[in-house]
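> here is a sequence with its predicted model. Questions after.
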2 protein chains.
Amino acid sequence: MSVDVQSYMAERARAVDAALARYLPSESDPPATLHKAMRYSVFAGGKRLRPVFVIAGAEAMGGRMDEVMQTACAVEMIHTYSLIHDDLPAMDNDDFRRGVPTNHKVFGEAIAILAGDALLTLAFRLLADNFAAGSDAHALRNVLIEIGDAAGSAGMVGGQVADIESEGKRVGAETVDYIHTHKTAALIRASIRAGAMLAGATPSQLVALGLAGGNLGLAFQIMDDILDVTATSEELGKTAGKDQAQQKATYPAVHGLEVSRIHAKALVGEAHAALQSFGPRAEPLRALGTFIVERKA
Amino acid sequence: MSVDVQSYMAERARAVDAALARYLPSESDPPATLHKAMRYSVFAGGKRLRPVFVIAGAEAMGGRMDEVMQTACAVEMIHTYSLIHDDLPAMDNDDFRRGVPTNHKVFGEAIAILAGDALLTLAFRLLADNFAAGSDAHALRNVLIEIGDAAGSAGMVGGQVADIESEGKRVGAETVDYIHTHKTAALIRASIRAGAMLAGATPSQLVALGLAGGNLGLAFQIMDDILDVTATSEELGKTAGKDQAQQKATYPAVHGLEVSRIHAKALVGEAHAALQSFGPRAEPLRALGTFIVERKA
């Protein structure tokens, strides 16, 4: 089975977009400003990579997209909330994201903070809502803990703290690894595993998917660092070269561009190896790995 | 059964404090600054009113404190995150809370935002962790949805939006009711109901407890508004008279002190009526209602 990764992603992203539009509160319900701000950032573009990973994780176990759609949308809401808060003046102070003004530039800082808070809260509500009466609490508990750990102080938020604390400092390979693993890879890893959990993965399958997911997530962030150096602002939809200007801890800054590229490819190779036993069902996950290192934006 | 509400609250608050200390990440684990900031605000005082309501809700159904402790702590973490974010310069811009400097005054704005985010995330993880293998997913789902709705855009966050948008404006009784019901009462109501749900409350019992909880929550906030006018800063541990200085939408501003007092007492009376059928087990809940309108700080 060969997968056209572009159309695979586009089809799933379309379905995710439609579901997000349903799950997000309406702009006509009060508080209208808040709901407008939540929708603004969720629909400000984006590849829907994390939801696609939730779906691909489920598919690797023979699961179906519609069975994990709420979880997929929840993960995208968590990702979006983190972007809104990261862009705030007190953090990265970004005016543009994906080619449009950031949330606080449009709605003000107070609403941006609250829109992020509300998206995070709604995400967990959605994760729970996925479970109908009579289902096993064990699976629900495991998915919540998986996502909660990946998003929390020992995961994504922890990575953002290290990122902020490293700005302007000369940091080593270990710190960059910590930041990337926590800030980016943790939630991508959890996305794949959560999708697979919902589709009945065994503990040993989850270990393999965790290994693959961690590698894919880290490779994705390394490529992001590389593209920040090599791509144009137009291609990226955000200011290129910003990492260097902000003295961010990045892979190219520590290892150079060439070694960073080799490392990203090696990580995807390891992910492919970890996925071997899953057979043709994991073809989308493998194709996503290849996409990650070959993408131009 | 008569309840000494002061010692009832003090005993439970002590148990909650001990549990919070266990559930919060250690300051020696990375990222240390973040974990320090999380603990700082959780342990900066506070009556632990919401956790006590979770426990009293469970007790009204014959449940035990230890069975709902994770849920009780989760609700306190949600409350604490909301205070940290509300105090930010972009929101209420408060320098002191409960007699000590606010989170962002000690740790800076970026860490304060992230500490709030991490507390909210940890809260949902804790809610899930309360459920052991084999328990009913239905109850877990219901508790998560109860708390998620109360904390989200149609609950607490929505109330904070309305609060901010009303500042400096002349608002009417309806707006103040909206703010208080959403910003404060929703989470108190959900606390009582979540505790009762975990202890096996029936749908009709949950309706009665919801009615009582909504009234107690609103009465609590009205008394908070009243005390902001009548108590000293020393008694409150925060700057008294701040509502008026910030032109906040409050009950006394709209209805006057006397009518506000009468209204708070009437709400507690209605709560007591809703609790009638629960018998002596709901005595702590009733005593908490009386405490709410008789407290001096």
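Thanks, I have the structure now.
> if I pick the residue nearest to the spatial centre of chain A, what's in contact with it?
Per C-alpha atoms, centre = their mean, the C-alpha nearest to the average position across chain A is that of A:Arg50, at 4.3 Å. A:Arg50 is in contact with A:72, A:75-76, A:79, A:187-188, A:191, counting by C-beta atoms under 8 Å, 6 or more residues apart in numbering or on different chains. To be clear about C-beta, it is placed using only N, CA and C from the backbone, and glycine gets the same treatment.
> mind running it again at 10 Å?
Listed by C-beta atoms under 10 Å, 6 or more residues apart in numbering or on different chains, the contact partners of A:Arg50 are A:16, A:72-80, A:184, A:187-188, A:190-192, A:194, A:217.
> do the same with A:Gln160
Counting by C-beta under 10 Å, 6+ apart, A:Gln160 has contacts A:82, A:85-86, A:91-92, A:179, A:182-183, B:31, B:34, B:110, B:113-114, B:117-118.
> and for A:Phe124?
Contacts of A:Phe124 (C-beta under 10 Å, 6+ apart): A:74, A:77-78, A:144, A:147-148, A:151, B:120-121, B:123-125, B:127-128, B:144-145, B:147-148, B:151-152.
> could you rerun that using 7 Å?
B:124, B:144, B:148 (C-beta atoms under 7 Å, 6 or more residues apart in numbering or on different chains).
> what do you get for A:Thr184?
A:217, A:220-221.
> 6 Å instead?
Contact analysis of A:Thr184 by C-beta atoms under 6 Å, 6 or more residues apart in numbering or on different chains lists A:217, A:221.
> tell me how far it lies from A:Gly217.
Distance of A:Thr184 to A:Gly217, computed by C-beta to C-beta, to the nearest Å: 6 Å.
> check A:Leu83 too.
The spacing between A:Leu83 and A:Gly217, counted by C-beta to C-beta, is 16 Å.
> now A:Val259
From A:Val259 to A:Gly217 the distance is 19 Å (C-beta to C-beta).
> between the two, who's got more neighbours?
Neighbour totals were compared for A:Val259 and A:Gly217, and A:Gly217 leads with 29 against 12 (other C-beta atoms under 10 Å in any protein chain shown).
> for the more buried one, which non-adjacent residue is spatially closest?
Leaving aside its chain neighbours, A:Gly217 sits nearest to A:Ala185 (2.9 Å; criterion: C-beta to C-beta, 6 or more residues apart in numbering or on different chains).
> coming back round to it: in helices, which of the contacts of A:Arg50 fall?
A:16, A:72-80, A:187-188, A:190-192, A:194, A:217 (DSSP state H).
> re the thing from before, give me the three-state assignment for the residue nearest to the centre of chain A.
What DSSP: H, G, I helix; E, B strand; the rest coil gives for A:Arg50 is helix.
> mind listing what A:Met223 touches?
Going by C-beta under 6 Å, 6+ apart, the list of residues near A:Met223 reads A:264, A:292-293.
> let me know the secondary structure of it.
helix.
> do you know the pLDDT at it?
Listed pLDDT for A:Met223 reads 96.
> now do A:Thr290
At A:Thr290, pLDDT is 96.
> on that earlier part again, any idea how far the residue nearest to A:Gly217 is from chain B?
Note on A:Ala185: its distance to chain B, by C-beta to the nearest C-beta, to the nearest Å, is 16 Å.
> contact partners for that residue?
A:214, A:217-218.
> so which bits of the stretch 51-200 of chain A are right by chain B?
A:85, A:90-91, A:109-110, A:113-114, A:117-118, A:120-122, A:124-125, A:128, A:131, A:133, A:135-138, A:140-141, A:144-145, A:148, A:151-153, A:157-158, A:161-162, A:164 (C-beta under 6 Å from any C-beta of the partner chain).
> quick one: low-confidence parts of chain A?
By pLDDT under 70, the low-scoring segments of chain A are A:1, A:132-136, A:233-234, A:237-238.
> that one: strands as residue ranges?
A:96-97, A:100-101 (DSSP state E).
> mind listing what the first one pairs with, with the direction of each?
Strand pairing for strand A:96-97, determined by DSSP bridges: strand A:100-101 (antiparallel).
> I am finished for the moment; much appreciated.
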